[in-house]
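# what's the 3D shape of this:
(4 chains)
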2 protein chains.
Amino acid sequence: MEKMYGIKEIAKMAQVSTATVSRVINGSDRVSKKTKKKVQQIIDTVGYIPNEVARGLVMQSGSKVVGMIIPDIFNVYYAEMTTYIEPALREKGYSLQLCISNSELEKINYYIDDLISRKAAGVIILSSALLDSEKLIEKIRRNLAVVAIETGFDGVDRICVENQKGMYQAVDNLIRNGHRKIGFVGYEFHHPSLLDRVNGYKKALSDNGIEFCAAYLVDEGNSTTPGYAGALKLMDCQDPPTAIQCMNEYCAKGVYTALMERGLKIPEHVSVSGFDGLRDFKLYSPTLTTAAIPLKEMATAAVELVLNNIADGNPEVVRTITFPTTLRAGESVKNIMPL
Amino acid sequence: MEKMYGIKEIAKMAQVSTATVSRVINGSDRVSKKTKKKVQQIIDTVGYIPNEVARGLVMQSGSKVVGMIIPDIFNVYYAEMTTYIEPALREKGYSLQLCISNSELEKINYYIDDLISRKAAGVIILSSALLDSEKLIEKIRRNLAVVAIETGFDGVDRICVENQKGMYQAVDNLIRNGHRKIGFVGYEFHHPSLLDRVNGYKKALSDNGIEFCAAYLVDEGNSTTPGYAGALKLMDCQDPPTAIQCMNEYCAKGVYTALMERGLKIPEHVSVSGFDGLRDFKLYSPTLTTAAIPLKEMATAAVELVLNNIADGNPEVVRTITFPTTLRAGESVKNIMPL
DNA sequence: AGGTTTTTTGAAAACGTTTACATTTTTATT
DNA sequence: AATAAAAATGTAAACGTTTTCAAAAAACCT
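Next up, the predicted model:
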C-alpha cells in the first residue's frame, strides 16, 4: 500500500494550484477548458482518487455512510430489507455500514458510538426488541439522522406496518372461507408488533362472533421449530382447528412440515395462512396465502426519510409512516363454507 | 445535529492544551493522575466522542473499515458468511461496509473506488463469478488489504474449498451405499468452484467403474427452481437414478419438493445428497446428508488474513488457504447394497 | 539550596482536502 | 488603446485530531 498521489502532487504536475485541481475534481466550478483538460488528464493517468476522509473533515459533511442496525442478517426478513436498502443508499452516493446487534442493547450502544465517531450521516434501526433507553435515543437524535423500522424505538421517525389490521384481514379471510376453528401459531411477546398481530387475530374472531379459545393460541416462539411444534399441538387437540394462522412465514414453514409429516394435506385437510410475504417463501408448495408487508416500499421510504433528515436534521416532532399489508391469495386456504 | 464538542472545547474547559486532552483520550501516554482525572471528568460529562475522521486523517491509518463485497445477501451462503465475518471484524475494532455487487464487474469497480476513497483498511471479496480484470486487481492490491473467498480472483490471497474432493466424497458415499445410478442436479458453469464439483462427481464415478451418463447430469442452474425441475427430469428418465447428488442445498430444496410431490419418499425411494452444509437447511426433514463447508472457519481465516494484510501489507506472493469439507451424514441416504 | 534528572505540559506542524478572498488574466466595450 | 467587467487562478486558512520537540514543573540528589 504505497504512497498515494494527493491533490498536491497533481497540482505540481499540472503546474497549477491545489485549488484549481480541487475545482476540476468537483466539476461544477469555473475553470478554463484548457486547464481542466490538462488536470483531468493527469488525474486519469495517475489514477488519482480523492481522499474522502480529508474531504469529509473540511466539508463538515460527515462521511457519506449510513449505518443499518439489524438484529440478524440471517433472518430473511432483515436480509430482504437489506437487499432493498443498500442499493437505494448507494444510488444516492451513500455506503452502508452493517451492524448486527443480536438485539442486544449493549451492542446497539457500541454501534451508535462507532457511527457517531466515524461521523456517519445517519442510521436506520431495525430491532425485534423494545428499546427505550431515553439517553441512547437522545444521543442518537443529536448526532445522527435517524429512522427506525418496525421497532419499539420511541422519539424517532418510524416506518411501521399495520400489524393488527393486516392480521385481522388474514384471519377474516379464513373466516370468510368458512373456518370458525382457527388456531394461531407463533405467539411470543418480545415486540409490540407481535402483540398487535395477536390482537388482530382476537379482534377478527370476536367481530365475527367466534369465541376465543386459549387452546388454539400456541405461544412457543415465532420461528420454524416452534411452528412445527405448534402445528402438532393444535392437531392433537380433541377438536383440532380447520385452519391455522401463523405469526409469520418462519412459523408457516414449520407448520407445513408438521402437517405434511402427519399426512395432512394443505389445504384439503387444514388451511394455512401466513404473514409477511417474504420473497424467500414464495416457493412454498402449495403457495401460501399471506398478509404481505410492502417491504420494498418500506425500505424506500426509510431511505428517503433518512436522507431527508440528513439534509434537514431530525424533525422536532417525529413522523410515523404506516404501511398497510396486502392479502395475497395462495393455494393454502380452502373454502369450506356450506352452500 | 448541533455543534459537537471538540477536543479544543474540552481543552479549554479543563484549562489544558489539546495535546494533553489527546493523551488522556488515548490512554497510554504519560499524564499526571490529577489532570487525567480532571480531563476525563469533563469528557464524560459532556459526552465527548472523538472524531475518527480527523483522527484517521492525521494518523494516516485509514478508517477502520473493511469492505465486504458479496453478490447477494439474500443467498444464505453469503448471509451466513456475513454473520461470521461481521462480529469477527467488530471484535478487532473494525466496521463492516456491506457492498452488494450482483456479481456485476461495474459495481465491484464502483465499490472498490468507494472503499479506496474512504480509506478503508481492507476488503473481503466474495464472488460467484470469475473476475479477471488485471487492472482492477492491481488497483485493489495497491490500495487495500485484500482477501478473496472462493472466487475466481487471481493474484490476491484466497480462501478456498476443496470442492472437487468434497464432491468426490459425497458421491463416493452414495456409491458405498450401493448406488450406481446417480443423478446430478444443478450444473451450471459460471464459476470454477462449480466446475470442480462436477469434476468430483465424474471422478467418483469413474474411479468406481461407473460410466458417466449424460442424461443424469442436469444442467439448468443451481438454485431451487432448477433443482425442482431437475429432479422431475431425472425421475422421468426411462431408467431413473436411485440417488441424486445436488450441486448445493438450494438445489436440494427443489429436489425435496419435487420428490415429495411425486409421492417419492426420501430416502426409501430416492436417496439425496447435498453440498454446503448451511445452517438454514439443517431443518430439512429428513435431514440431508451433505458435504459441509466449514463456513465459520473460513470466515475466521479470511478476517485473520485481511487483518494481517492490513498490518503488513499484501504479500508479494499470494497465499491460498484451502479448507476441506466434511461429510455430514443425515437421513436422506439409504443403503441399498445387496448383502 | 543548587543542580540534575524525570515527569508533565504546551506550541505548532502535519494529515489532504475545500473555499473565501485576493489577485491575475482574459474578454468585452468604448 | 484604454478601461471596465468577467473569468480564471492562486494564497492561505480551516476542518479536528496526533505528535514532535521544546519548555516548564516536579522530584530527586548531594
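
# model confidence at the residue in the stretch 201-339 of chain A positioned nearest to DNA strand D, what's the number?
Here the residue of the stretch 201-339 of chain A nearest DNA strand D is A:Gly313; by Cβ to the nearest atom of the strand that distance is 16.5 Å. Every C-beta, even on glycine, is put in place using the N, C-alpha and C of the backbone. On pLDDT, A:Gly313 comes in at 91.

# so where do the helices sit in the stretch 151-300 of chain A?
For the stretch 151-300 of chain A, the helices identified by DSSP state H, counting those that start in this stretch occupy A:163-176, A:192-207, A:224-235, A:249-261, A:295-312, in order along the chain.

# check what contacts the third one and list those residues.
Yep, that's helix A:224-235 we're talking about. Residues outside helix A:224-235 that contact it (Cβ atoms under 8 Å, 6 or more residues apart in numbering or on different chains) are A:183, A:185-186, A:188, A:216, A:218, A:220, A:240-241, A:244, A:246, A:250-255, A:257-259, A:262, A:264, A:270, B:283.

# report the buried residues of whichever strand or helix holds A:Val24.
Per DSSP states H and E: A:Val24 is located in helix A:18-25. Under the neighbour-count criterion of 16 or more other Cβ atoms under 10 Å in any protein chain shown, helix A:18-25 has A:20-25 buried.

# thinking the residue of the stretch 201-339 of chain A closest to DNA strand D is in contact with A:Ala145, fair?
Yes - here A:Gly313 reaches A:Ala145: they are 7.4 Å apart, a contact under Cβ atoms under 8 Å.

# tell me the secondary structure at A:Ile321.
Going by DSSP: H, G, I helix; E, B strand; the rest coil, the secondary structure assigned to A:Ile321 is strand.

# identify the bridge partners of it.
Counting by DSSP bridges, A:Ile321 forms beta bridges with A:Ile159.

# could the buried residues of helix A:18-25 be laid out in JSON lines, adding pLDDT and distance to DNA strand C?
Compiled in JSON lines, the buried residues of helix A:18-25 are given as follows (pLDDT from 0 to 100; distance: Cβ to the nearest atom of the strand, whole Å):
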{"residue": "A:Thr20", "pLDDT": "95", "distance to DNA strand C": "8"}
{"residue": "A:Val21", "pLDDT": "95", "distance to DNA strand C": "7"}
{"residue": "A:Ser22", "pLDDT": "95", "distance to DNA strand C": "3"}
{"residue": "A:Arg23", "pLDDT": "94", "distance to DNA strand C": "6"}
{"residue": "A:Val24", "pLDDT": "94", "distance to DNA strand C": "9"}
{"residue": "A:Ile25", "pLDDT": "93", "distance to DNA strand C": "5"}
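
# how many neighbours does the residue lying closest to A:Ile85 once chain neighbours are set aside have?
The spatial neighbour of A:Ile85 that comes closest, neighbours along the chain excluded (Cβ to Cβ, 6 or more residues apart in numbering or on different chains), is A:Ala299 at 4.8 Å. A count of neighbours around A:Ala299, defined by other Cβ atoms under 10 Å in any protein chain shown, yields 23.

# what separation do you get for A:Pro286 and B:Pro240?
Between A:Pro286 and B:Pro240 the computed distance is 25 Å (Cβ to Cβ, to the nearest Å).

# quick check on the spatially most central residue of chain A: phi, psi?
Here the mean C-alpha position of chain A is nearest to the C-alpha of A:Met81 (Cα atoms, centre = their mean), at a distance of 4.1 Å. The phi and psi values for A:Met81, taken as degrees, to the nearest 10, are phi -50, psi -50.

# A:Gly122 now?
phi -160, psi -180.

# and it, what does it touch?
Counting by Cβ under 8 Å, 6+ apart, A:Gly122 makes contact with A:66-67, A:144-147, A:306-307, A:309-310.

# what sits against A:Pro203?
Careful, residue A:203 is Lys and not Pro. Under the criterion of Cβ under 8 Å, 6+ apart, the contact partners of A:Lys203 comprise A:164, A:168.

# if we go to 6 Å?
Residues in contact with A:Lys203, defined by Cβ atoms under 6 Å, 6 or more residues apart in numbering or on different chains, are A:Tyr168.

# over to A:Arg141?
Contact criterion Cβ under 6 Å, 6+ apart gives A:Asn314 as the residues in contact with A:Arg141.

# cool, A:Met68 as well?
With Cβ under 6 Å, 6+ apart as the criterion, the residues that contact A:Met68 are A:96, A:98, A:124.

# about what we covered before: state the distance from the residue nearest to A:Ile85 to DNA strand C.
In this view, A:Ala299 and DNA strand C are 31 Å apart by Cβ to the nearest atom of the strand, to the nearest Å.

# wouldn't that residue be in contact with A:Tyr84 here?
Yes - in this structure, A:Ala299 sits in contact with A:Tyr84. The criterion is Cβ atoms under 6 Å, and the distance is 3.4 Å.

# now whichever helix or strand A:Val58 is part of - C-alpha only, PDB.
Taking DSSP H and E as the criterion, A:Val58 maps to helix A:52-59. The C-alpha coordinates for helix A:52-59 follow below in PDB (Å, rounded to 0.1, in the frame of the first residue of the first chain):
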ATOM      1  CA  GLU A  52     -12.900  11.200   1.200                       C
ATOM      2  CA  VAL A  53     -11.600  11.400   4.800                       C
ATOM      3  CA  ALA A  54      -9.900  14.700   4.300                       C
ATOM      4  CA  ARG A  55     -12.800  15.900   2.300                       C
ATOM      5  CA  GLY A  56     -15.300  14.900   5.000                       C
ATOM      6  CA  LEU A  57     -13.200  16.700   7.500                       C
ATOM      7  CA  VAL A  58     -13.100  20.100   5.800                       C
ATOM      8  CA  MET A  59     -16.600  19.900   4.500                       C
END
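
# buried sites along it?
Applying a neighbour-count criterion of 16+ other Cβ under 10 Å, one finds A:52-57 buried in helix A:52-59.

# that helix packs against which elements?
Using 3 or more Cβ pairs under 6 Å, 6 or more residues apart in numbering or on different chains; DSSP states H and E as the contact definition, the elements that helix A:52-59 packs against are helix B:52-59.

# and the helix holding A:Val24 with chain B, contact?
No - for helix A:18-25, no contact with chain B is found by Cβ under 6 Å from any Cβ of the partner chain; the gap never falls below 11.0 Å.

# and DNA strand D, is that helix touching that?
Yes - Helix A:18-25 is in contact with DNA strand D by Cβ under 7 Å from any atom of the strand, via A:18-20, A:23.

# most proximal residue of the stretch 151-300 of chain A with respect to DNA strand D?
The minimum distance from the stretch 151-300 of chain A to DNA strand D, using Cβ to the nearest atom of the strand, falls at A:Val156 (24.4 Å).

# roughly how far apart are the closest residue to A:Asn309 other than its chain neighbours and DNA strand C?
Among residues not flanking A:Asn309 along the chain, A:Ala145 sits closest, at 3.5 Å (Cβ to Cβ, 6+ apart). Per Cβ to the nearest atom of the strand, A:Ala145 is found 20 Å from DNA strand C.
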